[in-house]
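> Sequence isn't available, so here's the structure alone:
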């Protein structure tokens, strides 16, 4: 996802991290399963490990261009997860709604993919 993404206003708070704000919104909605909550926890941990790695190792071992390229991970993750969440949100209360299971799976996949990207970006 290389084109510019306008961060939705609802993701600009309560923290300065729009990915974390999105994850907070999903968690407090209350209509997602433990598998989604687990992936949110994994993603928060993976992002924290990535940020720690950048601060300690990345700045020492990577060039400015590579650091800059990796700095978009949070925004790219938020964009993909937000798209999946926006698709799931209208049907989340209706288990029998057409597309419910598929959209739920897409949300879960977006979270898992983001975890993998943060993990692989460390080193």
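Received, thanks. Model, not experiment: these values are computed from the prediction.
> The residue nearest to residue 122 when sequence neighbours are not counted: neighbouring residues, count only.
In space, residue 122 comes closest to residue 53 once its chain neighbours are excluded; the distance is 4.3 Å by C-beta to C-beta, 6 or more residues apart in numbering. The way it works is simple: take the backbone N, C-alpha and C, and place the C-beta from them, glycine included. Other residues near residue 53 come to 17 when the count uses other C-beta atoms under 10 Å.
> Just the element for residue 53, please.
If you go by DSSP states H and E, residue 53 is part of helix 34-53.
> Can you name the residues that contact the residue lying closest to residue 59 once chain neighbours are set aside?
If the residues on either side of it in the chain are set aside, residue 59 comes closest to residue 67, at 6.9 Å by C-beta to C-beta, 6+ apart. With contact taken as C-beta atoms under 8 Å, 6 or more residues apart in numbering, residue 67 is in contact with 54, 58-59.
> From residue 32, how far out is residue 104?
In this view, residue 104 and residue 32 are 8 Å apart by C-beta to C-beta, to the nearest Å.
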